[in-house]
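Trainee: only geometry, no sequence info:
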DNA sequence: GCAATTATGTTTACACTGTCTACACTTGTG
DNA sequence: CACAAGTGTAGACAGTGTAAACATAATTGC
């Protein structure tokens, strides 16, 4: 530590995380398209080329951001399923609520995660993070099938149905094509529960 | 027409459409993020500022592209529903197949349409085009409810369920998180049919 | 017919972006 | 304590969106 107090140290100390934090803020403020690496550097109080010591390029930064989002998502699903009752149906519904809620709270991050513009290369950590979210869901379904609550089918098939529904709702909401703020925040949750139950019980008579 | 033959006329004649066409090609080739207005202009054989005579800015071009996508989507749904048998369930399934197929054929356009980065302002034509796609779906469901095939609920509620499922599948596929090319093109259709039927009949026993 | 107006393209210019290279400082290691 | 590796800075470059000034073609009013 040679820097006199009051002056900024030449080395930031934790720039990588500081950049991710700044980037997440800017992402939420103005969306991914207009998120400039230079603005991220400026917000972190660092020169415009400094990020290149921690991320190969802009895409790598965005990928790291998305990866963090998947980790939080998987955590939220597992937490919700754990808190819900033992009833697999209810677990599934609450997992869906957690999924959508998590996404709607961070629409820009969600669109980044699922937008497809990131990740084209097979970033291993990235794929693993997104797979973990699906596995959490798969576990709930598997238990439900074992308990005889859900139809005796390949849990992967049923999990896919649940996932696509919740994911579709998420995407439509973050795209602004669904009233994501219909009658407050509880409104979203109820909307998700309604859809989830309809998926569970089916559309047909 | 003062231009000698062999030379390009000063006025293009149909530049707006030429720009949209060029943009759609570039979109498919390299995605929306790196779609530059200048590249579009170059492909249309025109100077880099010419597009500004037809689109206020880059976003306006993208919005026009997305709007066209919605119109095609609505058309594909209606066509599929019309071709299917009178059975509302089957109509619904085939509408889903059309929806997903249309999207998977143009992944970049689809992500543009539903990516949320476009359209923030209430572009009336845009909203109308996207609403038309939903109305086509609503009609199928309404007929099914009237025929007693689907449960006696608000058709909007049921349509929402169907929409979210199909849309979720679409988004996961175009993001590369689902095997969109699992065993050829028929593979997609079958996957959609499987999910659609599961939604119709429900997950629970 | 033909001038005036409007529509449509071009050129030039500017600020901003991602990224590269050369350099400076700091920190650890022999 | 030298020196190598790691981390941050400064400057440069090509490419971007967009605005302004200008050029040309098409249209309109007489």
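Mentor: Now that the structure is in, tell me what you want to look at. All figures in this text were calculated on a predicted structure; none of them were measured in a lab.
Trainee: What is the least confident helix or strand in chain A by mean pLDDT packed up against?
Mentor: The weakest-scoring helix or strand in chain A, judged by mean pLDDT, DSSP states H and E, is helix A:124-146 (a mean of 85). Judged by 3 or more C-beta pairs under 8 Å, 6 or more residues apart in numbering or on different chains; DSSP states H and E, helix A:124-146 is in contact with helix A:58-83, helix A:88-105, helix A:155-174. For every residue, glycine as well, the C-beta is placed using N, CA and C.
Trainee: Adding mean neighbour count and mean pLDDT, write those out as JSON lines.
Mentor: Below are the helices and strands packed on helix A:124-146 laid out as JSON lines (neighbours: other C-beta atoms under 10 Å in any protein chain shown; pLDDT from 0 to 100):
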{"stretch": "helix A:58-83", "mean neighbour count": "19", "mean pLDDT": "92"}
{"stretch": "helix A:88-105", "mean neighbour count": "23", "mean pLDDT": "94"}
{"stretch": "helix A:155-174", "mean neighbour count": "25", "mean pLDDT": "93"}
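Trainee: rewinding a little: which residues are contacting the least confident helix or strand of chain A?
Mentor: With contacts defined as C-beta atoms under 8 Å, 6 or more residues apart in numbering or on different chains, helix A:124-146 is touched by A:63, A:66-67, A:70-71, A:73-74, A:77-78, A:81, A:88-89, A:91-92, A:95, A:113, A:118-119, A:150-153, A:155-156, A:158-159, A:162-163, B:177, B:203.
Trainee: Tell me the gap between it and the middle of its chain.
Mentor: Between the centre of helix A:124-146 and the centre of its chain there are 14 Å (C-alpha atoms, centre = their mean, to the nearest Å).
Trainee: Which parts of chain A belong to which domain?
Mentor: Residue ranges for the domains of chain A, per automatic domain parsing: A:1-55, A:56-201.
Trainee: With distance to residue B:145 as new columns, can the ones you listed be given to me in TSV?
Mentor: Formatted as TSV, the domains of chain A follow (distance: least, C-beta to C-beta, whole Å):
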stretch	distance to residue B:145
domain A:1-55	39
domain A:56-201	13
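Trainee: Quick one, which of the ones you listed gets closest to residue B:49.
Mentor: If you check each of the domains of chain A against residue B:49 by C-beta to C-beta, domain A:1-55 wins as the nearest, at 21.1 Å.
Trainee: Let's test this: mean pLDDT of that closest one, rounded?
Mentor: Taken as a whole, domain A:1-55 has an average pLDDT of 86.
Trainee: Tell me, how many residues neighbour residue A:85?
Mentor: Counted with other C-beta atoms under 10 Å in any protein chain shown, the neighbours of residue A:85 add up to 9.
Trainee: Would you check that it makes contact with residue A:93?
Mentor: No - if you go by C-beta atoms under 8 Å, residue A:85 and residue A:93 don't touch, sitting 10.4 Å apart.
Trainee: Residue A:58 and residue A:37 touch, don't they?
Mentor: Yes - in this structure, residue A:58 is within contact of residue A:37 by C-beta under 8 Å, at 5.0 Å.
Trainee: before we move on, the earlier item: okay if I get the domains of chain A as JSON lines plus distance to DNA strand D?
Mentor: Shown next, in JSON lines, are the domains of chain A (distance: least, C-beta to the nearest atom of the strand, whole Å):
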{"stretch": "domain A:1-55", "distance to DNA strand D": "3"}
{"stretch": "domain A:56-201", "distance to DNA strand D": "13"}
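Trainee: Show the contacting residues for the closest residue to residue A:64 other than its chain neighbours.
Mentor: If the residues on either side of it in the chain are set aside, residue A:64 comes closest to residue A:20, at 6.1 Å by C-beta to C-beta, 6 or more residues apart in numbering or on different chains. Residue A:20 makes contact with A:61, A:64, A:65, A:68 under the criterion C-beta under 8 Å, 6+ apart.
Trainee: okay, the angle between the host helix or strand of residue A:198 and helix A:155-174?
Mentor: Element membership for residue A:198 (DSSP states H and E) is helix A:184-201. Interaxial angle of helix A:184-201 relative to helix A:155-174 (axes from the mean of the first three to the mean of the last three C-alpha atoms, to 10 degrees): 150 degrees.
Trainee: Now do helix A:184-201: distance to the chain's middle.
Mentor: How far helix A:184-201 lies from its chain's middle: 19 Å, per C-alpha atoms, centre = their mean.
Trainee: again with stretch A:51-67
Mentor: 17 Å.
Trainee: near DNA strand C at all, that stretch?
Mentor: Yes - counting by C-beta under 7 Å from any atom of the strand, DNA strand C is contacted by stretch A:51-67 at A:52, A:57, A:58, A:59.
Trainee: Residues contacting that stretch, please?
Mentor: Identification of contacts with stretch A:51-67 by C-beta under 8 Å, 6+ apart yields A:15-16, A:19-20, A:23-24, A:27, A:32, A:35, A:37, A:40-41, A:109, A:112-113, A:118-119, A:123, A:125-126, A:129.
Trainee: how many other residues sit next to residue A:28?
Mentor: Residue A:28 has 14 neighbours, counted by other C-beta under 10 Å.
Trainee: Okay, buried residues for the helix or strand hosting it please.
Mentor: Counting by DSSP H and E, the element that carries residue A:28 is helix A:15-30. Within helix A:15-30, the residues that count as buried by 16 or more other C-beta atoms under 10 Å in any protein chain shown are A:15, A:18, A:19, A:20, A:22, A:23, A:24, A:26, A:27.
Trainee: got the angle between the least confident helix or strand of chain A and helix A:58-83?
Mentor: Using the same axes, to 10 degrees: helix A:124-146 against helix A:58-83 is 20 degrees.
Trainee: Pull out the buried residues from helix A:124-146.
Mentor: By neighbour count on 16+ other C-beta under 10 Å, the buried set for helix A:124-146 is A:126, A:129-130, A:132-134, A:136-145.
Trainee: Which member of the residues you listed is positioned nearest chain B?
Mentor: residue A:130 (6.4 Å; C-beta to the nearest C-beta).
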